[in-house]
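Novice: I would like to see how this sequence folds:
(one chain, ligands or ions: 2)
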Amino acid sequence: MSQELTSTEIAAFRRDGIVVTSSGLSDQLLDGVLADLEALPPKLLDEYRAGRIQDAWKHCSRVRAAAVESSILSKLEQLYGATPRPFQTLNFPKGTEQRPHSDSIHFNSQPFGMMCGVWLALEDIGPNQGPLIYYPGSQELPEFNFEDIGLPPSYEHYTGYEDHVEALVQRHGFQPSYGLLERGQIIIWAANVLHGGSSQIDKTLTRKSQVTHYYFAGCRYWRPGLSKRQRAFFEPGWIPCQNSKGRNLLRYAALRAKNAIVNW
Ligand SMILES: O=C(O)CCC(=O)C(=O)O
Ligand SMILES: [Fe+2]
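Specialist: Ligands and ions are numbered 1, 2, ... in the order given. Next up is the predicted model:
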């Protein structure tokens, strides 16, 4: 199977801020991700079953393998022309019903936009399972952080941010699309495209999925919700990856030294 995105897929990403494509992951690896999650230690398994587990890659070798899969990395490199670096995984057994947001409000970058999410379907996803909802074209909106919309830069004001996003969607008339995927497909979304979890119509169903968030090498990384007095630059907890080869690491180290990136 080709690891390259087609020109049609690239055009879709440029137009919509989102592209649906194949992950290139084998059935065996998809099964392995699910098996590893079910074998988590009891406390973590409870966390997963309650709705989500963050950074399960630290415990599950196949969650990590999915995050660093070369066919996904090469697609991201194709879209951004920079080296992708995975830094967070989320695994969901069911829909999140999360209100629409841009991931930039959680993980921003300098320059803006050098971050993306990859949503991997670990089973076929239909409309009753609370699929991802997203608003094609919303990535064209300018960057906005808490202070740009009159809110103090803090998670205490996150609901105000969500209300603002909802109003923006109305005002611009963005139309929703849904991530109805076949097992093994992925959605790649740009950092600033508005997206969330649609309501799970049938609560008895599962919605097994993995999201991996990626930054790109050679940028600075910061957290708007933790930026009380100044931008909260941080060094992400990179997921070890073939990709983190010498050239980029050296470039990153130089940048880090120059900009004195703070650990948060
Ligand atoms: O899967 C979902 O319902 C939303 C996930 C999401 O927004 C994210 O991981 O950034
Ligand atoms: Fe998100």
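
Novice: can we go C-alpha only for contacts and neighbour counts from here?
Specialist: Will do.

Novice: burial count for the residue in the stretch 151-264 of the chain that ligand 1 sits nearest to?
Specialist: Using C-alpha to the nearest ligand atom, the point where the stretch 151-264 of the chain gets nearest to ligand 1 is residue 197, with a distance of 3.3 Å. Residues within reach of residue 197, counting by other C-alpha atoms under 10 Å, total 21.

Novice: ditto for the one 3 residues further on
Specialist: By the measure other C-alpha under 10 Å, the count of residues near residue 200 is 19.

Novice: For it, give its distance to residue 95.
Specialist: Taken as C-alpha to C-alpha, to the nearest Å, the spacing of residue 200 relative to residue 95 amounts to 6 Å.

Novice: Also residue 24?
Specialist: Counting by C-alpha to C-alpha, the gap from residue 24 to residue 95 is 24 Å.

Novice: The closest residue to the residue of the stretch 151-264 of the chain closest to ligand 1 other than its chain neighbours: how many residues sit nearby?
Specialist: Nearest in space to residue 197, with sequence neighbours left out and distances taken as C-alpha to C-alpha, 6 or more residues apart in numbering, is residue 97 at 4.1 Å. Taking other C-alpha under 10 Å as the criterion, the count of residues near residue 97 is 15.

Novice: The residue of the stretch 151-264 of the chain closest to ligand 1 against residue 99, yeah?
Specialist: Yes: with the criterion set as C-alpha atoms under 8 Å, residue 197 and residue 99 qualify as a contacting pair; they are 6.6 Å apart.

Novice: before we move on, back to that, so for residue 24 and residue 95, which sits in the more crowded spot?
Specialist: Summary of the neighbour comparison: residue 24 and residue 95, criterion other C-alpha under 10 Å, with residue 95 having more neighbours (26 against 17).

Novice: rewinding a little: contacts only, for the residue of the stretch 151-264 of the chain closest to ligand 1.
Specialist: Taking C-alpha atoms under 8 Å, 6 or more residues apart in numbering as the contact definition, residue 197 lies against 95-100, 130-133.

Novice: go again using 6 Å as the cut-off
Specialist: For residue 197, the set of contacting residues under the criterion of C-alpha atoms under 6 Å, 6 or more residues apart in numbering consists of 96-98, 132-133.

Novice: so what's it bridging to?
Specialist: For residue 197, the beta-bridge partners are residue 132 (DSSP bridges).

Novice: and it, how far is that from residue 119?
Specialist: 11 Å.

Novice: before we move on, what SS does the residue nearest in space to the middle of the chain have?
Specialist: In the chain, the residue lying closest to the centroid (C-alpha atoms, centre = their mean) is residue 117, at 2.4 Å. Residue 117 falls in the strand class when you classify it by DSSP: H, G, I helix; E, B strand; the rest coil.

Novice: Not counting sequence-adjacent ones, nearest residue to it?
Specialist: Nearest non-adjacent residue to residue 117 (C-alpha to C-alpha, 6+ apart): residue 213, at 4.5 Å.

Novice: any idea which helix or strand carries that neighbour?
Specialist: Using DSSP states H and E, residue 213 sits within strand 209-216.

Novice: Then residue 11?
Specialist: Of the helices and strands defined by DSSP H and E, residue 11 is found in helix 7-16.

Novice: what mean pLDDT does that helix have?
Specialist: Here the mean pLDDT over helix 7-16 is 97, rounded to a whole number.

Novice: Give me the helices and strands touching the next helix-or-strand element following that helix, please.
Specialist: Next in sequence after helix 7-16, counting helices and strands by DSSP H and E, comes strand 18-22. Contact partners of strand 18-22 among helices and strands, from 3 or more C-alpha pairs under 6 Å, 6 or more residues apart in numbering; DSSP states H and E: strand 185-190.

Novice: at 10 Å instead, please
Specialist: Of the remaining helices and strands, those touching strand 18-22 by 3 or more C-alpha pairs under 10 Å, 6 or more residues apart in numbering; DSSP states H and E are helix 7-16, helix 70-80, strand 115-121, strand 185-190.

Novice: and the protein, which of its residues are near ligand 1?
Specialist: Residues of the chain lying close to ligand 1 by C-alpha under 6 Å from any ligand atom are 95-98, 103, 132, 196-197, 211.
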